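Trainee: Sequence and predicted model, in that order:
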Amino acid sequence: MTDGTTEKASARRRGKPIEVWVNDEEKATITARAKEAGMARSAYLRALGLNTPVKSVIDLGAVADLAKVNGDLGRVAGLLKLWLAEKRGEGANAIDVEIVMMEFRRLQVAIGMKMGAIVKAHR
């Protein structure tokens, strides 16, 4: 760099490119899949060519979304419990409210199991 030229510093410069001929649709698909995996196109194709597992970052986004839904379910169940304690028998049968609360708990467990399965598959 003392000769006045600037070089792009790369943490993982390989130096030997491989040409892959694709049509526009294939290039778009490869680009989209690389983006889903959180990788550059080159890194994505290298991982596939070397039979390295490619993990999607979308799955982790789905887990975050499920965690928010799980929290919302917990808040709704808490409000129902509060209503049941303060307004017992008013507006709805207490047994019906308890059944709804149990269903919320069942949904929370199911969501937790799905989140665990996604995270485990991502490792």
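Mentor: Happy to help now that I have it.
Trainee: how is this structure carved up into domains?
Mentor: Domain assignment for the chain by automatic domain parsing gives 15-54, 58-122.
Trainee: How far away from the center of its chain is stretch 96-112?
Mentor: Stretch 96-112 sits 23 Å away from the centroid of its parent chain (C-alpha atoms, centre = their mean, to the nearest Å).
Trainee: what do you get for stretch 74-94?
Mentor: Distance of stretch 74-94 from its chain centroid, counting by C-alpha atoms, centre = their mean, is 33 Å.
Trainee: immediately after the strand or helix carrying Leu79, which helix or strand?
Mentor: Per DSSP states H and E: Leu79 is located in helix 58-86. Counting by DSSP H and E, the next helix or strand C-terminal to helix 58-86 is helix 94-122.
Trainee: Please state the mean pLDDT value computed over that following helix.
Mentor: The pLDDT scores in helix 94-122 average 80.
Trainee: and the angle for it with helix 58-86?
Mentor: What separates the directions of helix 94-122 and helix 58-86 is an angle of 160 degrees, with axes from the mean of the first three to the mean of the last three C-alpha atoms, to 10 degrees.
Trainee: So which elements touch helix 94-122?
Mentor: The helices and strands touching helix 94-122, judged by 3 or more C-beta pairs under 8 Å, 6 or more residues apart in numbering; DSSP states H and E, are helix 58-86. To be clear about C-beta, it is placed using only N, CA and C from the backbone, and glycine gets the same treatment.
Trainee: and the helix it packs on, which residues are buried?
Mentor: 63, 66, 70, 73, 77, 80, 84 (16 or more other C-beta atoms under 10 Å).
Trainee: In terms of secondary structure, what does it contact?
Mentor: Checking 3+ C-beta pairs under 8 Å, 6+ apart, helix 58-86 ends up next to helix 94-122.
Trainee: before we move on, back to that, ranking the domains of the chain by mean pLDDT, which is last?
Mentor: Mean pLDDT is lowest for domain 58-122 among these, at a mean of 79.
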